[in-house]
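Chemist: need coordinates for the following:
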Amino acid sequence: MGNGEARVRGLAARAGGWSARHRWAAVGIWVLFVVLATGLGSAAGRVDVKDSDQLKGETHTAAKIIEDAGIDEPARETVLIQAKGSGLKATDAEFRDAVTAVVRAVEGTGRVTHVTSPYDTKTISKDGRSALVQFDMRGEPDTAGERVEPVLKAVEGVQKDHGSLRIEEIGGASMEKTFADAFGDDFKKAEYSAVPVAFGILLIAFGALVAALLPVALALTAIMATMGLMGVVSHAVPMTDAANSVMLLVGLAVGVDYCLFYLRREREERAAGRDAQTALRIAAATSGRAIVVSGVTVCVAMAGMLFTGLAEFEAMGLASLIVVAVAMVGSVTVLPALLSLLGERVEKGRIPFLRRRGQGGNGESRFWTAVLRRVLARPVVAVAVATGALLAVAAPAVGMKTQNLTLDQEFGDSLPIVQTYNRLNEAFPGGSDPAQVIVKADDINAPDVRSALADFRERAVSSGASRGPVEIELHDARNLAVVSVPLVGGSDLDKAGASLDKLRDDVRPATLGEVDGVEAPITGQVAGSKDFNDQLAGAVVPVFAFVVVFAFALMLLSFRSLTVALTSILLNLLSVGAAYGILVAVFQHGWGASLVGAEGVGAIITWLPLFLFVILFGLSMDYHVFVVSRIREARLRGRTTKDAIQHGVVTTAGVVTSAAVIMVAVFAIFGTLSMQSMKQMGVGLAAAVLIDATIIRGVLLPAVMALLGERNWYLPKWLHRLPDLTHDETPEAVTAPVVRDDEGERLTV
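Modeler: Residues are numbered from 1 along each chain as shown. Here you go, the predicted model:
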């Protein structure tokens, strides 16, 4: 109908139409919302997850007992004094002099308390070559890393005077400082570089400065508003630093993508000869609708994290859900208003040498036109080859091994403190991260309780769970005892986990478990890892089921096609499986690991598979909804299914490619970080998005739809009563003939 009136129905179309007519009001409301959200968040402050709420199980119980008792566990530091050769022993005078010097040096800083000598605590290794000086940092444990530097320098000074010995400090405070110095700037650079990288890609995609700035501006304002809302929401659901980082990643990705979808469609319609007002209405009814469907689907996927019962996941899920919702609302409200205000000025700042190439005048990608011609000519071959390739890539995932990475796995040998950690664990297995038994009784000094504590100490060693020393710290006033048990296995989590099981299942029931009224949960790094894994394993099925079922329902309602809903789920699962396979191949088996600096990891960090599933299932719907909506729109206009498929894929290929390149680039930045867990996340996300935007959307989706033909739009009669959410998909009155199936029946799609 050229520039005729457009059908404007549906939420996205109505929102876009109102914003275009009331542009200054829409922009003003958005700015006011961002300012108010930021201000409220700043005033409210952010509440972070407490240690006692991080995990469920015994770890949670132990932390809660400590918290309720009002005991502030100080940041404990250890100085390892170790002979470099085999001659010197802890009993020698030179060794004793070094121990005395360390004690004097750390006490002289005034920053420590409770300094203990290895000769008093018997913390001398079996071979006599290693000994531990232990002490606590003064002040709040959470900020000990900021005060530990003078202590580290004092220990370094003693090392210079004793060349035949290794004198190295390790502990919570020193590790916190080391990692903050080494990787704090690393993270900031990654977060800060993501914006210019996205802007650069958008500049290439649009070839105009103003058009490239719009998506970045929308994403950044959505992120700003979300940071404020996170502060308010944190008083009900506490947040974490990890949730903030994930929110930035997801917010930038979807904010830019949604804007890209909308802006590309509006430019395409204007290039086709429509006036600015009509082009904007069509973009609102088509891309705007795709954004709403995609945004709701992503929000549902993110909500799946709330079913884990893990505070970290709940915070990440809620933060991601909020930023996606804010970006979605901004894309269908303030963006049309800005486009209406700018008009032709959206092309300002045109870069001559960045004019778009590879597209015909109708906006169709020449490259994907060539690919689609071959795919649609032989859809059976395309499905077989693409599916076979993806299944082959996914195959390694069958043997996936997940665990919380140890210090040496996470950071390798890049930091001296990691080598200290390894030497300490070798000399004192489990000594760097002992299990802690938090014993609570009505009277901690009652004879039966004291006897049970003594029996526990003895059996912990005789059972083979520990080689000692098992230390008991009494808090008489609070009727508590903290029992520290170095676990056999040390940094080997499998062996240390077996030792933990002996303590929990055998030693504890036979000793402390025999006394009525005694609670004795066991915590520590190994226990926390086990409890986390157990909690996560129990959440996998509910989360997977929730995300898949609700995504299926949303696709069914949005397209009123049982076939589209089923194929979308299956294709997304195939994409996620391929991402898992790449992760296992690279980080577990080491195939090509040197390319990303991941040698020797040997496992996938526990939280990543579920996290990746939720994130990828949500984000991949961006492309799927956008492409299928365009195919369906072309079908409604009277094209054959095959022509509609080709038209839908090749006309969306440019925007999908641009969006995918931005996502891959942003995620790949995190793949360059030194922490192996961040590498795994970045590589997994980048690989999955790349596979999804190319093999899945460019080959497998059109081939499958070509094979299905008119069955793509199949909806059983008993489902016809479902709500119709497809009415705003046709942006203009259809002048083409009524669409009928092969038997001549009117086709409702």
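Chemist: and stretch 416-435, what's buried?
Modeler: 417-418, 420-425, 427-435 (16 or more other Cβ atoms under 10 Å). For the C-beta atoms, the positions are set from N, CA and C on the backbone; glycine is no exception.
Chemist: same check, this time on stretch 305-317
Modeler: Residues of stretch 305-317 classed as buried: 305-308, 310-317 (neighbour count, 16+ other Cβ under 10 Å).
Chemist: got a markdown table for the residues you listed, with secondary structure, pLDDT and distance to V326 too?
Modeler: Formatted as a markdown table, the buried residues of stretch 305-317 follow (DSSP: H, G, I helix; E, B strand; the rest coil; pLDDT from 0 to 100; distance: Cβ to Cβ, whole Å):
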| residue | secondary structure | pLDDT | distance to V326 |
| --- | --- | --- | --- |
| M305 | helix | 86 | 18 |
| L306 | helix | 86 | 18 |
| F307 | helix | 84 | 22 |
| T308 | coil | 82 | 23 |
| L310 | coil | 82 | 24 |
| A311 | helix | 83 | 23 |
| E312 | helix | 82 | 22 |
| F313 | helix | 84 | 20 |
| E314 | helix | 87 | 19 |
| A315 | helix | 90 | 17 |
| M316 | helix | 87 | 16 |
| G317 | helix | 88 | 15 |
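Chemist: give me the residues contacting stretch 612-622.
Modeler: Outside stretch 612-622, the residues that touch it by Cβ atoms under 8 Å, 6 or more residues apart in numbering are 250, 253-254, 257-258, 261, 293-294, 297-302, 304-305, 317, 320, 324, 543-544, 547-548, 551, 568, 572, 575-576, 579-580, 583, 659, 663, 681, 684-685, 688-689, 692, 696.
Chemist: which of the buried residues of stretch 416-435 fall in helices?
Modeler: Judged by DSSP state H, those include 417-418, 420-425, 427 as members of helices.
Chemist: if we can go back for a sec, for T178, state which of the buried residues of stretch 305-317 is nearest.
Modeler: Nearest to T178 among those is E312, at 22.6 Å by Cβ to Cβ.
Chemist: surely that closest one and T240 touch.
Modeler: Yes - counting by Cβ atoms under 8 Å, T240 is a contact partner of E312 at 5.7 Å.
Chemist: identify the contacts common to these two.
Modeler: Common contact partners of E312 and T240 (Cβ under 8 Å, 6+ apart): V49.
Chemist: take the contacts of stretch 612-622 and keep only those in strands.
Modeler: Among the contacts of stretch 612-622, no member is found in strands (DSSP state E).
Chemist: distance to D643 added to the buried residues of stretch 305-317, as TSV?
Modeler: Output for those, formatted as TSV (distance: Cβ to Cβ, whole Å):
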residue	distance to D643
M305	41
L306	43
F307	43
T308	45
L310	48
A311	51
E312	48
F313	45
E314	47
A315	47
M316	43
G317	41
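Chemist: which one of these sits closest to T406?
Modeler: Using Cβ to Cβ, the buried residues of stretch 305-317 come closest to T406 at E312, 18.8 Å.
Chemist: and T726, what pLDDT?
Modeler: On the pLDDT scale, T726 is placed at 65.
Chemist: next, the contact list for the residue nearest to E473 when sequence neighbours are not counted, please.
Modeler: Of all residues not flanking E473 in the chain, V482 sits nearest, at 4.6 Å (Cβ to Cβ, 6 or more residues apart in numbering). Going by Cβ under 8 Å, 6+ apart, V482 touches 436-439, 472-473, 475.
Chemist: check T109 too.
Modeler: 150-151, 154.
Chemist: please spell out the PyMOL selection for the buried subset of the residues you listed.
Modeler: The following PyMOL line selects those of the contacts of T109 that are buried, judged by 16+ other Cβ under 10 Å:
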select buried, resi 151+154
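Chemist: pick the one among the contacts of T109 closest to E176.
Modeler: V151 (12.8 Å).
Chemist: so the closest one touches V112, yeah?
Modeler: Yes - between V151 and V112 there is a contact at 6.2 Å, judged by Cβ under 8 Å.
Chemist: surely D136 is within a strand?
Modeler: Yes - the assignment for D136 (DSSP: H, G, I helix; E, B strand; the rest coil) places it in a strand.
Chemist: T113 is in contact with that one, correct?
Modeler: Yes - counting by Cβ under 8 Å, D136 does reach T113; the two are 5.3 Å apart.
Chemist: got the contact list for the closest residue in space to A303 that isn't next to it in sequence?
Modeler: Once flanking residues are discounted, A303 sits nearest to L321: 5.8 Å by Cβ to Cβ, 6+ apart. Going by Cβ under 8 Å, 6+ apart, L321 touches 299, 302-303.
Chemist: if you rank those by neighbours, which is first?
Modeler: M302 (26 neighbours; other Cβ atoms under 10 Å).
Chemist: might one say that that residue is in contact with S320?
Modeler: Yes - with contact defined as Cβ under 8 Å, M302 reaches S320; the gap is 4.3 Å.
Chemist: who touches both of those two?
Modeler: Common contacts of M302 and S320, defined by Cβ under 8 Å, 6+ apart, comprise 250, 615.
Chemist: follow-up on the earlier one: please, which helix or strand holds the residue nearest to E473?
Modeler: If you go by DSSP states H and E, V482 is part of strand 480-485.
Chemist: restrict that strand to CA atoms and write it as PDB.
Modeler: Extracted as PDB, the C-alpha positions of strand 480-485 are listed here (Å, rounded to 0.1, in the frame of the first residue of the first chain):
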ATOM      1  CA  LEU A 480      30.300 -22.800  71.000                       C
ATOM      2  CA  ALA A 481      33.400 -24.700  69.800                       C
ATOM      3  CA  VAL A 482      35.100 -24.300  66.500                       C
ATOM      4  CA  VAL A 483      37.000 -27.500  65.500                       C
ATOM      5  CA  SER A 484      39.500 -27.100  62.600                       C
ATOM      6  CA  VAL A 485      40.300 -30.300  60.700                       C
END
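Chemist: partners of that strand, with directions?
Modeler: Partners of strand 480-485 in the sheet, by DSSP bridges, are strand 435-440 (antiparallel), strand 471-475 (antiparallel).
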